[in-house]
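Engineer: What follows is a predicted structure for the sequence shown.
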Amino acid sequence: MALKSISPSKARKLIGRGALVVDVRERGEFAREHIEGARNEPLSGLGRIDQTEAGAVIIYHCKSGMRTRASAKKLEEAANCEAFILDGGIDAWKATGLPVVKGSSMDDATHQMQIVALSVFFIGVALGMSVHPAFYILAVAAAVWLIKGLFRRG
């Protein structure tokens, strides 16, 4: 039996009655925003989702509904109860005016770039102190890169 789609408004009613919302997006996406009470189970590591209560329901969602529709068979196999796909994903949820929990606005790539820039800065300082003062230029360039990135990303 294929998973059925459910509208955001109908999903909201089921959530009010105890349905489990499973966000299949990656952890960084979930951290930026998610439906209140949702459980993050990225598709990349999805296992069995056990709901033991009688009449239990799972509502899967992603950003736009494309990932959940493309992975419907895998999602159906992961559930041991009635399950639905949120039509339009969290984008449709928000477009309907339903609330989301906002988290960090910094994405994983930005965070990684900041770590790299900071590392290059410290390496430049260390090499400037121990090898040759010209390496301070590397430290200054990394600091400019880091500061520029902070202002650009907010």
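Structural biologist: All right, it came through fine.
Engineer: show me the contacts for residue 92.
Structural biologist: Each residue near residue 92 by Cβ atoms under 8 Å, 6 or more residues apart in numbering is listed here: 7-8, 64-65, 86. C-beta here means a position set from N, CA and C on the backbone, and glycine is covered the same way.
Engineer: Which one of those is nearest to residue 28?
Structural biologist: For those, the minimum distance to residue 28 (Cβ to Cβ) is 16.5 Å, reached by residue 64.
Engineer: Next one: the residue lying farthest from the centre of the chain, what pLDDT does it get?
Structural biologist: In the chain, the greatest distance from the average C-alpha position (Cα atoms, centre = their mean) is reached by residue 132, at 43.6 Å. Listed pLDDT for residue 132 reads 92.
Engineer: From the contact counts, what lies against the longest helix belonging to the chain?
Structural biologist: Ranked by residue count, the top helix of the chain under DSSP state H comes out as helix 108-130. Here helix 108-130 touches helix 136-153, going by 3 or more Cβ pairs under 8 Å, 6 or more residues apart in numbering; DSSP states H and E.
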